[in-house]
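Chemist: Have a look at this fold, sequence not included:
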């Protein structure tokens with residue numbers, strides 16, 4: 001006699017199947033996937049270090065932190081958020097054929113893609129830490145709990161915004177185009193490349209409205225507790241954004257689930 005599965009058992013089976021499908025498409029079937037995941041931040045770091053040497057020379061530009069590991073931590077943290085946001089926008093459309101199965105809902109594809117992307121970015125971050133230590137670059141976190149908390153917080157922020165945009169970008173294609181174009185300005189105003197302490201105070205006050213800044217600076221403080229950052233950094237503000245966008249995204253998925261399946 002067949003036993004009826006619980007809703008959680010059905011959801012777990014759906015997530016596992018979607019996870020294996022995403023993993024095959026994202027990593028295994030693409031032979032250059034790992035190369036690009038490591039090469040992109042590496043190339044960006046090399047360019048920024050070259051710019052730093054040209055602009056500032058070899059003099060120290062940060063207080064109580066080395067520039068190269070400071071930049072690596074900031075870039076990888078920003079890439080975690082950016083990839084969450086961008087990849088989740090296309091999750092609903094990419095799995096459109098699977099909605100013929102009534103057990104599969106559009107929100108499932110977003111959850112699974114977010115989890116996989118977070119794991120991949122965490123693995124790449126760990127690789128950079130190991131390689132940095134092998135090259136005698138001070139990449140060892142002084143406070144692992146702060147780093148882990150801020151890393152998960154940035155993941156949650158990217159998930160919340162990506163979850164919301166996965167509905168909006170599916171319903172209105174131009175939304176996805178606009179937010180992809182905004183990734184470069186976001187990089188510039190998130191304190192990834194230019195230390196916030198180098199900017200005028202009146203400008204920093206506005207940049208602190210960007211929740212990404214709070215996550216990146218907190219991760220850097222986990223690596224370098226004596227690192228001199230600006231006043232006003234708080235993870236509470238980041239979590240306001242993460243929780244509110246997650247709630248909004250879930251509401252939008254519930255409201256427009258039928259339309260998302262046919263878009």
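Modeler: Perfect, thanks for sending it. Because the structure is predicted, anything quoted here is derived from the model rather than measured.

Chemist: contacting residues around residue 83?
Modeler: The contact partners of residue 83, taken as Cβ atoms under 8 Å, 6 or more residues apart in numbering, are 117, 121, 158. Backbone N, C-alpha and C define where each C-beta goes, glycine included.

Chemist: and which of these is nearest to residue 176?
Modeler: Within the contacts of residue 83, distances to residue 176 taken as Cβ to Cβ reach their minimum at residue 158, with 15.1 Å.

Chemist: before we move on, back to that, please report which of the contacts of residue 83 has the highest neighbour count.
Modeler: Neighbour counts for the contacts of residue 83 (other Cβ atoms under 10 Å) peak at residue 158, which has 29 neighbours.

Chemist: Return the residues in contact with it.
Modeler: 80, 81, 82, 83, 84, 85, 88, 114.

Chemist: Find the nearest non-adjacent residue to the second one, please.
Modeler: Which is residue 81. residue 158 (4.2 Å; Cβ to Cβ, 6 or more residues apart in numbering).

Chemist: by contact count, what packs against the helix or strand containing residue 242?
Modeler: If you go by DSSP states H and E, residue 242 is part of helix 235-255. For helix 235-255, the packing partners by 3 or more Cβ pairs under 8 Å, 6 or more residues apart in numbering; DSSP states H and E come out as helix 106-134, helix 144-171, helix 211-223.

Chemist: let's see it at 6 Å
Modeler: helix 144-171, helix 211-223 (3 or more Cβ pairs under 6 Å, 6 or more residues apart in numbering; DSSP states H and E).

Chemist: Of the ones you listed, which stretch is the most buried?
Modeler: helix 211-223 (a mean of 24; mean count of other Cβ atoms under 10 Å).

Chemist: could you give the angle of that helix to helix 106-134?
Modeler: 40 degrees (axes from the mean of the first three to the mean of the last three Cα atoms, to 10 degrees).

Chemist: tell me how far the ends of stretch 169-184 are from each other?
Modeler: 19 Å (Cα to Cα, to the nearest Å).

Chemist: Equivalent analysis for stretch 166-179, please.
Modeler: Using Cα to Cα, one end of stretch 166-179 lies 11 Å from the other.

Chemist: can you give me the mean pLDDT across it?
Modeler: Stretch 166-179 shows a mean pLDDT of 91.

Chemist: contacts for it?
Modeler: Defining contact as Cβ atoms under 6 Å, 6 or more residues apart in numbering, one finds that stretch 166-179 is touched by 88, 89, 91, 92, 93, 110, 252, 256, 260, 263.

Chemist: let's go with 7 Å and repeat that
Modeler: Contact with stretch 166-179 is made by 85, 88-89, 91-93, 110, 165, 249, 252-253, 256, 259-260, 263, as judged by Cβ atoms under 7 Å, 6 or more residues apart in numbering.

Chemist: and if you look at stretch 209-227?
Modeler: Counting by Cβ under 7 Å, 6+ apart, 64-65, 69-70, 73-74, 77-78, 81, 141-143, 146-147, 150-151, 153-154, 157, 186, 189-192, 207, 229, 233-235, 237-238, 241 sit against stretch 209-227.

Chemist: Look up the pLDDT of residue 242 for me, please.
Modeler: The predicted local confidence for residue 242 is 96.

Chemist: ok so, going back, give me the buried subset of the contacts of stretch 209-227.
Modeler: Using 16 or more other Cβ atoms under 10 Å as the burial test, the contacts of stretch 209-227 include 65, 69-70, 73-74, 77-78, 81, 141, 146-147, 150-151, 153-154, 157, 186, 189-192, 207, 229, 233, 235, 237-238, 241 as buried.
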